[in-house]
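Student: sequence unavailable; structure follows:
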């Protein structure tokens, strides 16, 4: 979900593709820019549940004494 921030720019959290992360500027994601972004590139979360992963590896690390 997108959560509007308290500042005047009305920034929101936005799902990104991994290749976008190095060059992204959080100021680019506002309630005004997200609809255009989704229209242009689609929703990066759309296939998130297509292949569920496992958290077992994280559970195993929790009990690891490393």
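Tutor: On my side now, so go ahead. As the structure is a prediction and not an experimental result, all values here were calculated from the model.

Student: tell me where this structure has helices.
Tutor: 34-41, 56-63 (DSSP state H).

Student: check those for me: which has the lowest mean pLDDT.
Tutor: Comparing mean pLDDT over the helices of the chain, the weakest stretch is helix 56-63, at a mean of 61.

Student: so where's this structure uncertain?
Tutor: Where the chain drops to pLDDT under 70, the residues are 1-9, 55-66.

Student: in stretch 33-45, what's buried?
Tutor: Under the neighbour-count criterion of 16 or more other C-beta atoms under 10 Å, stretch 33-45 has 34, 37 buried. C-beta here means a position set from N, CA and C on the backbone, and glycine is covered the same way.

Student: let me fix that: stretch 11-18
Tutor: Buried residues in stretch 11-18, counted by 16+ other C-beta under 10 Å: 11-12, 14.

Student: switch these over to JSON lines; also include distance to residue 20.
Tutor: Output for the buried residues of stretch 11-18, formatted as JSON lines (distance: C-beta to C-beta, whole Å):
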{"residue": "11", "distance to residue 20": "16"}
{"residue": "12", "distance to residue 20": "15"}
{"residue": "14", "distance to residue 20": "9"}
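
Student: enumerate every residue touching the closest residue to residue 15 other than its chain neighbours.
Tutor: Nearest residue to residue 15, sequence neighbours excluded (C-beta to C-beta, 6 or more residues apart in numbering): residue 44, at 4.2 Å. By C-beta atoms under 8 Å, 6 or more residues apart in numbering, the residues touching residue 44 are 15-17.
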